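1. all I have is the shape, not the residue letters:
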């Protein structure tokens, strides 16, 4: 994040400080662990289908928050995640939100609700025990089916007979437009069943993932109030369909609360994680091993690129990455231009498998969401004044340490 921009990025799952001051300090002040008492893809052949959702979209074209709440709140749960050895001072509990996906007991939430990923200081550790609280106050034990630290998606399973299940239908985040009304249901500060409303402030935002060095693209920005404890809960459209999983807020300076800028993981991306987690308990992403920057019309004109948009290859990751093996060319020089440093002399990616690339984020979007490890993708690049097609056999994105 550039100096002068928003100073703090908060994952909003963890919650209520309470009396466990030590735990709050350990969480660095932005993922608070409170005391429990205070409370896209080409689907590979044979992949499990997204669970069937029995709920239907709400009727009508208007935005009726009360109707959305009546129809969907029964499917939203509070998630309690206990960490550390039972009975020890470290056995603190984080509180987040989640929502029921099907009548088989599948619940989606955020990965940082059920792991220590957001705390930093080492590999992510999964919660020792997890309980979910339904709208009627009943708690049932849940099993962690898996989590995706790259996209901050977690999946839980509860016994179908343990409680009546009210699935919430999944929507289509690719159709989300700026200005559309949205509703948030969750457990801010441990207050279950809370509703807030707002609009989609922006789409296609890039936000930091739980894994250093990677960004999550296509996040949905909203001004609907999101606070600690809302993480993992649904961002709902006017027809009561989940279009995102609430994940982060941004705040300035020492302020750690909501200031009107919240982000949700798009449900289309989360669906990909859900499929793989239900099938194998893990998620894999294709990987090229390059860093890139935007090719804009002014940069193209200044440095003589014959195309006006694309992604300039800056450099390669270590360890013989796929892009370097295939013969893609990285930048050879750095130039100052209009207050920024531009890396030039390398290939400009303009398409992948025929899909246009207009920015560096498009490379991440196409490779991560549309392609699979081991596939061979055709990278169309501009090298000097020539247009070339370079076949690249994709690697698997390196797994997080630990």
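-> Arrived safely. If you're wondering where the values come from, they're calculated on a predicted model, not measured in any experiment.
2. how much space between residue 213 and residue 318?
-> 12 Å (CB to CB, to the nearest Å). C-beta coordinates here come from the backbone N, C-alpha and C atoms, glycine included.
3. excluding covalently adjacent residues, which one is nearest to residue 248?
-> residue 263 (4.5 Å; CB to CB, 6 or more residues apart in numbering).
4. one more: residue 300?
-> Per CB to CB, 6+ apart, closest to residue 300 is residue 308, 4.9 Å.
5. sorry, back to before: can I take it that the residue nearest to residue 248 is in a helix?
-> No. Residue 263: not assigned to a helix; according to DSSP: H, G, I helix; E, B strand; the rest coil it is strand.
6. against residue 193, how distant is it?
-> 22 Å.
7. for stretch 146-154, measure first residue to last.
-> 6 Å (CA to CA, to the nearest Å).
8. over to stretch 280-289?
-> OK, stretch 280-289 end separation, CA to CA: 25 Å.
9. quick one: mean pLDDT for that stretch?
-> When pLDDT is averaged over stretch 280-289, the result is 94.
10. what's the answer for stretch 177-191, then?
-> In the prediction, stretch 177-191 has an average pLDDT of 97.
11. and it, how far out from the chain's middle?
-> With CA atoms, centre = their mean, to the nearest Å as the basis, stretch 177-191 stands 16 Å off its chain's centre.
12. first to last residue in it, what's the distance?
-> OK, stretch 177-191 end separation, CA to CA: 30 Å.
13. quick one: low-confidence ranges for this protein?
-> Residue ranges of the chain with pLDDT under 70: 1-54, 85-92, 120-121, 253-256, 400-402.
14. 80 - rerun?
-> 1-56, 60-61, 84-93, 118-122, 212-213, 251-258, 399-402 (pLDDT under 80).
15. which stretches of it form helices?
-> With DSSP state H, the ranges of helices along the chain come out as 21-26, 65-72, 111-114, 267-280, 297-303, 322-326, 360-370.
16. need the contact list for residue 304.
-> If a contact means CB atoms under 8 Å, 6 or more residues apart in numbering, then residue 304 has no contacts.
17. surely residue 118 and residue 210 touch.
-> Yes. Counting by CB atoms under 8 Å, residue 118 does reach residue 210; the two are 6.3 Å apart.
18. these two - which one has more neighbours?
-> residue 118 (26 against 23; other CB atoms under 10 Å).
19. state the distance from that one to residue 282.
-> 20 Å.
20. parallel or antiparallel, list what pairs with the strand ranked longest in the chain.
-> If you go by DSSP state E, the chain has its longest strand at strand 194-208. Strand pairing for strand 194-208, determined by DSSP bridges: strand 181-186 (antiparallel), strand 215-222 (antiparallel).
21. got these as JSON lines, with distance to residue 275 and mean neighbour count columns?
-> Output for the strands paired with strand 194-208, formatted as JSON lines (distance: least, CB to CB, whole Å; neighbours: other CB atoms under 10 Å):
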{"stretch": "strand 181-186", "distance to residue 275": "24", "mean neighbour count": "25"}
{"stretch": "strand 215-222", "distance to residue 275": "17", "mean neighbour count": "23"}
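22. compare these and give me the one nearest residue 360.
-> Among the strands paired with strand 194-208, the nearest to residue 360 by CB to CB is strand 215-222 (9.5 Å).
23. other residues contacting the closest one?
-> Residues outside strand 215-222 that contact it (CB under 8 Å, 6+ apart): 150-152, 173, 176, 182, 184, 198-209, 235, 243-244, 247-248, 261-266, 268-269, 361, 364-365, 368-369.
24. 6 Å instead, please
-> Contacts to strand 215-222, defined as CB atoms under 6 Å, 6 or more residues apart in numbering, come from residues 151, 182, 198, 200-207, 209, 244, 262-264, 266, 361, 364-365.
25. relative to helix 360-370, how tilted is that strand?
-> 100 degrees (axes from the mean of the first three to the mean of the last three CA atoms, to 10 degrees).
26. beta partners for residue 139?
-> Bridge pairing for residue 139 - DSSP bridges - gives residue 133.
27. okay, now it: neighbour count?
-> Residues lying near residue 139 (other CB under 10 Å) number 15.
28. and it, how far from residue 132?
-> 7 Å.
29. residue 224 now?
-> 23 Å.
30. so who does residue 355 touch?
-> Contacts of residue 355 (CB under 6 Å, 6+ apart): residue 366.
31. rewinding a little: would you mind finding the most buried of the helices of the chain?
-> Neighbour counts (mean count of other CB atoms under 10 Å) averaged over each of the helices of the chain peak at helix 111-114, with a mean of 31.
32. and that helix, how far from the chain's centre?
-> 11 Å.
33. that one packs against which elements?
-> strand 153-157 (3 or more CB pairs under 6 Å, 6 or more residues apart in numbering; DSSP states H and E).
34. just checking, what packs against the strand it packs on?
-> helix 111-114, strand 139-148, helix 267-280.
35. can you list contacts of that strand?
-> Against strand 153-157 from outside (CB under 6 Å, 6+ apart): 105, 107, 109-111, 114, 142-143, 145-147, 270, 273, 277.
36. looking at the residues you listed, which is nearest residue 83?
-> Using CB to CB, residue 114 comes nearest to residue 83 of the contacts of strand 153-157, at 9.6 Å.
37. just checking, that closest one touches residue 127?
-> Yes. In terms of CB atoms under 6 Å, residue 114 counts as a neighbour of residue 127; the distance is 4.9 Å.
38. centre of the chain to stretch 360-380, how far?
-> 18 Å.
39. span of that stretch from start to end?
-> Terminal residues of stretch 360-380 are spaced 14 Å apart (CA to CA).
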